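Engineer: Attaching a predicted model along with its sequence, questions to come.
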Amino acid sequence: MSRGSVVASFVCLVACFTACLAAAPSAAQQPAPALTGTVTAGPEALEGVLVSARKQGSTITTTVVSDKDGHYRFPAARLEPGDYSLRIRAVGYDLEGPTQVSIAADKTSTADLKLRAAKDIASQLTNAEWLSSMPGTDAQKGQLLNCVGCHMLTRPLYSKYTADEFLTMILPRMQGYVNQSMPIHPQLRRAERMREERGDQRVQVYRRVADYLASINLSARPTWNFELKTLPRPAGPATHVIYTEYDLPRETIEPHDVIVDDQGIVWFSSFGEQNLGRLDPRTGKLTEFAIPEHKPGFPTGLLGLRSDAKGNLWFGNMYQATIGEFDRKTEVFKFWPLQGDKNIDAAQINMVSPQSAAVDGKVWAQNNGFAGIHRLDIATGKLETFEPFKGMSGPHNIYDVIPDSKNNVYFTDFRQHHIGRIDAKTGQIDLYETPTPNSAPRRGWMDAQDRLWFGEYHGDRIGMFDTREQEFREWPIPPKWSAPYDVVVDKNGDAWTGSMLSDRVTRLNPATGEAINYLLPRSTNIRRVFVDNSTTPVTFWAGNNHGASIVKVEPLE
């Protein structure tokens, strides 16, 4: 190469490098933040502190996380001018100040946050931290996993009930409430599920739970006889995130399933009330569509919410024993109540799955009342019923029904470790056991390759069943006692799940097994998880089932 060519090449490289530098925004070139500051406790700068800002009079709260140097930063587009209240989440710490800040237009406000040691660390613990702290075997602690469906573990742990009082009064009363109950909105069960323990078997279960609770609560001591353990704060990639929380107007609203339609509108099922909710995230406006009762006097509320190929919403009206459809364009409901001998007092239709109804015009649903599965012919209204565990011993609970691309249905057995299949053409039933015993598979999602992804609630794992190869894979989900409820896979191949116990959303790379845990801004009882793939990066949505709010999680990478 000639000297002239070398010089020309060098000039070209320098020009390209200079152009790249000009195109890449430096920290100095980024838009000025609306609010920034440093979080410290004494002389120490703290990473992983969640800083939340809420404008006075607003129902929307925005949260960011401090980095390794203790710095936090609210982008200008996230906070409009006004007066804001501030709060933090960092287990072991309370916010000393400031708690208020004013944001001006086109100007960066600064608030350096001072933290002090928490006066009451017990009130800050998640359910997962309580389980990690309390003594006992995994089997003993695992007995409490269903308690968190209605309330925090602090209720029995702060109590002074003896084992006999738990056995004769408290546990039978708890059993009498339906699973959408909350302390502020209890609802009584009208009949027992047919595939659960009865008689002496139930008494034995009660006795084990009663003895364990009395050994760890305050019935025999002024304080707990164990050290309170906390999980580490977020670090590294887990701090690269922005949260937006939309408060709902009544404490009794339980947004169980949250999904986003093709217009960016958020829809949710109200777990304890006869309403379908619609939230415009741009304005925070909430619209509720009232649903008539088909079994007056029975518990109210919806659970599963899924859309069909037309974008219409389908749901299970639980103890109202009804399958429902909502046309988003006409805003009109259509209902298929159970009829005849299937409409028993214990009937409980939680999940309705229309995802593949275009194949044959049929929709699948489950019935917790007797561990059954229904198939609805939309055109005729005819309902077929399958009982996969009929004639088999032991407790069973068909929790979810998930169709594949041919509208064969797969189901999860929450009381055991089975994934089941019903052939859409022949009705043949097959059962497959998860590699982890007693894993309690719960909610599931079918990907485009007909692979079923599901949460293993008692296994602390995400499971995947390749329905074509009939092979399982599992991934452990940290921390211990995460108890994944549901799973969805995004456009990048990452699997997302949420925990009812740890207040964490987990993003798993199935290829590497690496996981990022995003700690949510406050106590959050997560059920259904949803990922909006129309954004880049993707956006995660979930309902705070006990906190009357909807949470959006936006990873920044």
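Structural biologist: Cool, the structure landed.
Engineer: Count the residues that sit near residue 441.
Structural biologist: When counting by other CB atoms under 10 Å, one arrives at 30 neighbours for residue 441. In this view, the C-beta of every residue, glycine as well, is placed from N, C-alpha and C.
Engineer: list the contacts for it?
Structural biologist: Shown in contact with residue 441 (CB atoms under 8 Å, 6 or more residues apart in numbering): 399, 412-414, 417-419, 434, 454-457, 463.
Engineer: and residue 324, which of the three is it?
Structural biologist: Assigned with DSSP: H, G, I helix; E, B strand; the rest coil, residue 324 falls in the strand class.
Engineer: didn't it look like it was pressed against residue 333?
Structural biologist: Yes. In this structure, residue 324 is within contact of residue 333 by CB atoms under 8 Å, at 6.0 Å.
Engineer: Which neighbours do these two have in common?
Structural biologist: When contacts are counted by CB under 8 Å, 6+ apart, residue 324 and residue 333 have residue 291 as shared neighbours.
Engineer: ok, those two, which is more surrounded?
Structural biologist: Taking neighbours as other CB under 10 Å, residue 324 and residue 333 compare with residue 324 leading, 24 against 16.
Engineer: Point out where the protein drops to low pLDDT.
Structural biologist: 1-29 (pLDDT under 70).
Engineer: And the helices in it, which stretches?
Structural biologist: In the chain, the helices defined using DSSP state H lie at 3-23, 127-133, 138-142, 154-158, 163-165, 171-175, 199-216, 357-360.
Engineer: Can you spell out which helices and strands pack onto the last one?
Structural biologist: Think helix 357-360. Packed against helix 357-360 by the contact rule (3 or more CB pairs under 8 Å, 6 or more residues apart in numbering; DSSP states H and E) you find no helix or strand.
Engineer: Show me what it is in contact with.
Structural biologist: Under the criterion CB under 8 Å, 6+ apart, residues 308-309, 363, 378, 405-407, 424 lie in contact with helix 357-360.
Engineer: Select only the buried ones of those in ChimeraX?
Structural biologist: The ChimeraX command for the buried members of the contacts of helix 357-360 (criterion: 16 or more other CB atoms under 10 Å) is given here:
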select :308,363,378,407,424
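Engineer: Quick check: the farthest pair among the contacts of helix 357-360?
Structural biologist: With CB to CB as the measure, no two of the contacts of helix 357-360 lie farther apart than 378 and 405, at 18.3 Å.
Engineer: Just the buried ones among the contacts of residue 441, please.
Structural biologist: Looks like the contacts of residue 441 have 399, 412-414, 417-419, 434, 454-457, 463 buried, using 16+ other CB under 10 Å.
Engineer: from these, which single one is nearest residue 38?
Structural biologist: The shortest gap between residue 38 and any of the buried ones among the contacts of residue 441 belongs to residue 455, at 37.8 Å (CB to CB).
Engineer: Residue 436 is in contact with that closest one, correct?
Structural biologist: No. Counting by CB under 8 Å, residue 455 does not reach residue 436; the two are 12.0 Å apart.
Engineer: that older thread, now for the contacts of residue 441, which pair is the farthest apart?
Structural biologist: Going by CB to CB, the pair spanning the contacts of residue 441 furthest: 418 and 455, at 14.5 Å.
Engineer: give me the number of residues near residue 514?
Structural biologist: As a burial measure, residue 514 scores 12 neighbours (other CB under 10 Å).
Engineer: List the contacts of it.
Structural biologist: Contacts for residue 514 were tallied using CB under 8 Å, 6+ apart; they are residue 508.
Engineer: circling back to that earlier point, give me the common contacts of residue 455 and residue 436.
Structural biologist: Common contacts of residue 455 and residue 436 (CB under 8 Å, 6+ apart): residue 463.
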